[in-house]
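In: Provided below are the primary sequence and the corresponding predicted coordinates.
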Amino acid sequence: MLYPGPVRMYSELAPWFHLVTPPEDYATEAKYFTDLIEAARTGPADTLLELGSGGGNNASYLKQRFACTLTDLSEPMLELSRTINPECEHLPGDMRTLRLGRTFDVVFVHDAIMYMTTEHDLRAALETVAAHLRPGGVAVLAPDVVHESYRPGTAIDGRDGDDGRRLRYIEWTHEVAPGATTAEADVVILRRDGDGAPTRIDHEVHTLGVFPRATWLRLMDGAGLEPVTTEVEDPIADEHEVFVARRRHGTARPTT
């Protein structure tokens, strides 16, 4: 996952992340992404690079079909992912600047791309996607929202762990100011180490990028990514936006 600055959720609180969002909640979504890739590919789809892989939740399913290389800016999140994906390659890296010097059949980016808060950052991330795709390879980009689908609101989640730890999570997203491309989210985590332990409360503000769909498509085109339409039904269409593209043969077009 990529984020601006020392966000505690992805640093010192990373060992708690699977109680915020457990891997088992990702089975349906990961199958949908796999089906999308199968429908969009025109050649082999054996190797997959995930940018902003976080705690490895999607990868815990994607690895059943693809040889996965997982990258993230946060070392603690990579360490958490290794606990459930020990067979996957894990590499530190910023999705705006990462260059591994090799290409993959598939590049996948989940909701970590929501931390791209400027067009410059989003363009850089999409150029990283294209730089790591073989010509004709498939990109799947899955931000939570675009500007047209964004709605402020409140989400509450959390789990009790098998080790006695307990966590509850509140996210309160706020309105996008007129003309802005970012939204702020108050995130509150309440956690207990076990029965009788005091409840600890952590609060931080996350800034998220909220761009129009047309901006996404323009920047994708500039990076050399051609949108692909498939007939795969999305079982959770109201929970995310999804862009599917293939790497264009030849050079990328300049973006403005």
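Out: On my side now, so go ahead.
In: low-confidence stretches in the chain?
Out: 1-6, 250-256 (pLDDT under 70).
In: ranges for the strands of it?
Out: Here the chain has its strands, by DSSP state E, at 47-51, 67-72, 89-92, 104-109, 133-141, 153-160, 166-173, 182-192, 200-209, 225-227, 243-247.
In: what is the burial count for the residue lying closest to residue 52 once chain neighbours are set aside?
Out: Nearest residue to residue 52, sequence neighbours excluded (Cβ to Cβ, 6 or more residues apart in numbering): residue 112, at 2.6 Å. For the C-beta atoms, the positions are set from N, CA and C on the backbone; glycine is no exception. Here the count is done by other Cβ atoms under 10 Å, and residue 112 has 25 residues near it.
In: test my guess that residue 112 contacts residue 95.
Out: Yes. If you go by Cβ atoms under 8 Å, residue 112 and residue 95 touch, sitting 7.0 Å apart.
In: and the strands of the chain: which comes nearest residue 33?
Out: strand 133-141 (5.6 Å; Cβ to Cβ).
In: what packs against that closest one?
Out: Using 3 or more Cβ pairs under 8 Å, 6 or more residues apart in numbering; DSSP states H and E, the elements in contact with strand 133-141 are helix 27-40, strand 104-109, helix 119-131, strand 243-247.
In: 7 Å instead, please
Out: Using 3 or more Cβ pairs under 7 Å, 6 or more residues apart in numbering; DSSP states H and E, the elements in contact with strand 133-141 are helix 27-40, strand 104-109, strand 243-247.
In: buried set for the second one?
Out: The neighbour-count check on strand 104-109 (16 or more other Cβ atoms under 10 Å) flags 104, 105, 106, 107, 108, 109 as buried.
In: distance of the third one from residue 15?
Out: Distance of residue 106 to residue 15, given as Cβ to Cβ, to the nearest Å: 29 Å.
In: show me what residue 133 is bridged to.
Out: As for beta bridges, residue 133 partners with residue 104 under DSSP bridges.
In: so who does residue 239 touch?
Out: Contacts for residue 239 (Cβ atoms under 7 Å, 6 or more residues apart in numbering) come out as none.
In: oh sorry, the question was meant for residue 27
Out: Here residue 27 is in contact with residue 61 (Cβ under 7 Å, 6+ apart).
In: domain ranges for the protein, per the record?
Out: 8-146+212-247, 147-209 (automatic domain parsing).
In: hey, which of these is tucked in deepest?
Out: domain 8-146+212-247 (a mean of 19; mean count of other Cβ atoms under 10 Å).
In: and the strands of the chain as CSV, adding distance to residue 147?
Out: Shown next, in CSV, are the strands of the chain (distance: least, Cβ to Cβ, whole Å):
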stretch, distance to residue 147
strand 47-51, 22
strand 67-72, 26
strand 89-92, 31
strand 104-109, 18
strand 133-141, 15
strand 153-160, 15
strand 166-173, 13
strand 182-192, 10
strand 200-209, 10
strand 225-227, 18
strand 243-247, 14
